[in-house]
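Engineer: when you get a sec, could you give me coordinates for this:
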Amino acid sequence: MNRVSLSPAEQNIRSRIARLALGNWLLRGTLSVRSRKCGKATCHCANGKLHDSLYLVQSHDGRPRQLCIPKSWQPRVRQAVNDYQELQRLIEEVSKLEWKRMLEKKMPGP
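Structural biologist: Here you go, the predicted structure:
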């Protein structure tokens, strides 16, 4: 596809896709915060102030799986999940533009 034949808006979307796909760590899934007790009798959680843990949850081969994310990894994992979701949203935008182009019978050459 010739970039010159694309609208400036579509060129921008495709550039954003390329930047996300090439320069970022991407993770499919959702983040879930869970609160729990650790089991130590002298811990503050025994009196009601529970520990929060962040989990990455995704479906794999039709089955759910989850992974507890260490605190030191949380910013990077949050960014990776957000970048994956943004990439998916941008790909959907390009797909809508391609669909519209097909309906209008304006498919560009190879």
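Engineer: end to end, how far does stretch 59-67 reach?
Structural biologist: 12 Å (Cα to Cα, to the nearest Å).
Engineer: how distant is it from the center of its chain?
Structural biologist: Taking Cα atoms, centre = their mean, to the nearest Å, one finds the center of stretch 59-67 at 16 Å from the center of the full chain.
Engineer: which residues touch it?
Structural biologist: 32, 55, 56, 57, 58 (Cβ atoms under 8 Å, 6 or more residues apart in numbering). (Each C-beta comes from the backbone N, C-alpha and C, glycine too.)
Engineer: what's in contact with stretch 79-94?
Structural biologist: 10, 13-14, 16-17, 20-21, 24-31, 56.
Engineer: which of the contacts of stretch 59-67 has the most neighbours?
Structural biologist: Using other Cβ atoms under 10 Å as the neighbour criterion, residue 56 leads the contacts of stretch 59-67 with 21 neighbours.
Engineer: what's the spacing between it and residue 50?
Structural biologist: Residue 56 is 20 Å from residue 50, where distance means Cβ to Cβ, to the nearest Å.
Engineer: can you give me the strands for this structure?
Structural biologist: Shown for the chain, the strands assigned by DSSP state E span residues 30-36, 51-60, 63-69.
Engineer: any idea which of the ones you listed gets closest to residue 42?
Structural biologist: Among the strands of the chain, the nearest to residue 42 by Cβ to Cβ is strand 51-60 (13.9 Å).
Engineer: any idea how far that closest one is from the chain center?
Structural biologist: 14 Å.
Engineer: perfect, that will be all.
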